[in-house]
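Novice: A predicted structure for the sequence below; I have some questions about it.
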Amino acid sequence: MSKYSAQQWKTSDPSPHKLSNGKWDASKNKISCFACIMRLSMNEKEETITTKNTKFIAFTNNDFRLMWRANLLSVIGDQMQVVAIGWHVYLLTHSALALGLIGLSTFVPLALFSLFGGSIADRINRKKLLIIIYSLYIILSLLLAFTTVLKIITPTFIFVVNILFGVLIAFETPASQSIIPHLVRKEHMTNAISLSLIMQQIAKIAGPSLGGLVIAGFGPGAVYFINAVSFLLVISALVKITYSGGIANTGLKLSFFKSIAEGFSFIRKKTIIWSTMLLDFFSNFFGAAASLMPIFANDILKVGPLGLGLLYAAPSIGAVITGIVIAQKERIYEQGKILLFSIGIYAIATIMFGLSKIFIFSFIALIIAGAGDSISSIIRNTIRQLETPDHIKGRMTAINMIFYKGGPRLGEFEAGVVASSFGAPFSAALGGILTFISVLLINTFVPSIKKYKIQK
């Protein structure tokens with residue numbers, strides 16, 4: 001629960017951008033909202049804001065603010081490394097298939113270990129588990145940094161390190177997702193998830209852009225080192241938060257296999273959860289054009305590493321805009337219909353990106369795709385957190401991780417295979433078409449999803 005009550009917070013000027021005629025200056029208000037997010041997240045003291053005035057109520061909790069800030073900087077480092085690895089592998093191999101193998105090398109261990117990772121997240125102290133995992137992340141990033149500086153790195157070594165990252169992700173994701181409900185009140189969950197998504201997308205804007213600059217100036221080795229340092233910030237935040245890492249109503253007495261079976265049984269009985277997982281998988285599998293970004297930047301749009309960073313950042317620009325809008329709303333209505341519509345927009349924008357040969361058009365298409373994906377992600381994650389009891393959240397997250405993390409990684413491999421035979425534009429456009437078809441099929445065969453509404 002929040003350390004401070006919502007009524008303890010107040011603003012000195014709740015409407016700083018209202019004009020003399022009583023109307024809002026919308027453009028200034030949007031800038032103010034973004035600035036407010038950053039100001040509130042950086043607050044260390046008991047500053048106040050009323051529930052009526054604040055649109056970012058999750059920041060009233062000190063633990064949530066600590067983790068939000070640390071994760072922001074850590075995900076920036078992670079996104080820098082994503083760009084560096086893609087660029088590094090392409091420079092070493094000049095192969096579209098090799099780019100696809102980056103995603104596959106992460107997905108295989110993730111798929112193999114995720115169920116065990118979810119079971120462990122529901123068994124042992126989640127806080128201690130995360131500290132161990134982030135320490136191992138540091139070691140892997142430093143291995144990439146030193147082998148690059150020493151000029152002994154090879155594509156094979158990068159893939160091996162990526163496999164190890166995949167193993168750690170399988171254990172880290174269930175634990176990190178499961179602690180969110182312990183940082184905020186239940187009624188603030190949608191706001192917390194919106195702010196978490198905004199944080200991730202801000203990082204995805206800054207990370208690729210900074211990654212491109214660092215690669216252009218110092219090479220990928222510097223990026224790997226920066227990412228290693230960023231993980232220290234998360235460890236520091238985990239040490240400081242008041243949440244102990246304990247689990248409510250834990251099923252520790254169950255064996256690994258019985259606990260995993262319990263997770264599958266729970267999801268099978270929850271149509272809204274497994275149907276959104278399928279949507280997650282299909283949209284990420286077919287719409288995985290991100291792995292082809294180096295080809296678009298280097299061969300089609302001819303914008304180099306700086307342009308590559310902007311292309312990687314574009315979806316996050318759209319996601320931040322929509323995330324801020326949703327974070328300001330107390331409640332979203334007709335969640336099921338909005339979920340299907342937003343994924344449809346994502347699919348159409350992906351098709352536009354595949355067909356474009358002009359940088360600005362490609363950039364805009366990716367912004368639109370990011371906006372659609374942001375809306376669907378907020379709704380899907382809110383549904384899962386509210387519909388799942390705490391003692392089974394780790395296993396639910398682990399099973400879901402196979403869909404939402406496995407989808408894009410398998411999709412990256414599929415996109416690389418298709419691109420190697422028919423070209424990157426065809427691969428991206430085909431992915432968008434198949435994503436749209438999958439939305440139509442889910443809408444037809446699971447009609448209950450479009451009727452879904454989150455209960456108060």
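Specialist: Yep, that arrived.
Novice: where does the stretch 351-456 of the chain have low pLDDT?
Specialist: 390, 406, 409, 453-456 (pLDDT under 70).
Novice: Going along the chain, name the strands of it.
Specialist: With strands called from DSSP state E, counting those that start in this stretch, the stretch 351-456 of the chain shows none.
Novice: quick one: the helices in it?
Specialist: 359-387, 393-404, 406-422, 424-445 (DSSP state H, counting those that start in this stretch).
Novice: Deepest in the core, which of those helices is it.
Specialist: Mean neighbours per residue, mean count of other Cβ atoms under 10 Å, is largest over those for helix 393-404, with a mean of 25. No exception for glycine: its C-beta is placed from N, CA and C like everyone else's.
Novice: now that helix, how far from the centre of its chain.
Specialist: Remark: helix 393-404 is offset 14 Å from the chain centroid, using Cα atoms, centre = their mean, to the nearest Å.
Novice: hang on, the earlier thing: out of the helices of the stretch 351-456 of the chain, flag the one nearest F282.
Specialist: F282 sits nearest to helix 424-445 of all those, at 3.7 Å, using Cβ to Cβ.
Novice: if I've got this straight, I124 is in a strand?
Specialist: No: checked against DSSP: H, G, I helix; E, B strand; the rest coil, I124 lies outside a strand; its state is coil.
Novice: and A297, what does it touch?
Specialist: Residues near A297 by Cβ atoms under 8 Å, 6 or more residues apart in numbering: 303-305, 307-308, 311.
Novice: Neighbour-wise, which one of the residues you listed leads?
Specialist: Counting neighbours by other Cβ atoms under 10 Å, L308 comes out on top of these with 27 neighbours.
Novice: What helix or strand is it located in?
Specialist: helix 304-327 (DSSP states H and E).
Novice: Identify the residues contacting I85.
Specialist: Counting by Cβ under 8 Å, 6+ apart, the residues that I85 touches are 102, 144, 158, 162, 220.
Novice: for G416, same thing?
Specialist: So G416 contacts 96-101, 103, 291-292, 427 (Cβ under 8 Å, 6+ apart).
Novice: likewise A424?
Specialist: 96, 292, 295-296, 299-300, 354.
Novice: could you redo the last one with a cut-off of 6 Å?
Specialist: 292, 295 (Cβ atoms under 6 Å, 6 or more residues apart in numbering).
Novice: again with the one 4 residues further on
Specialist: Residues in contact with A428, defined by Cβ under 6 Å, 6+ apart, are 289, 353-354.
Novice: Roughly how far does it sit from V303?
Specialist: 16 Å (Cβ to Cβ, to the nearest Å).
Novice: so which of the contacts of A297 comes closest to K151?
Specialist: P305 (19.2 Å).
Novice: Now that we have the contacts of I85, can you turn them into TSV and tack on secondary structure and neighbour count?
Specialist: TSV is the format used below for the contacts of I85 (DSSP: H, G, I helix; E, B strand; the rest coil; neighbours: other Cβ atoms under 10 Å):
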residue	secondary structure	neighbour count
I102	helix	24
L144	helix	26
I158	helix	24
N162	helix	23
P220	helix	26
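Novice: What is the nearest of these to G370?
Specialist: I102 (20.8 Å).
Novice: residues of the helix ranked longest in the chain that come out buried?
Specialist: The residue-count maximum for a helix in the chain (DSSP state H) belongs to helix 62-93. Residues 62-90 are the ones in helix 62-93 that count as buried (16 or more other Cβ atoms under 10 Å).
Novice: In this model S244 seems to touch H182, though I could be wrong.
Specialist: No: using Cβ atoms under 6 Å as the test, H182 is too far from S244 to be in contact (8.9 Å).
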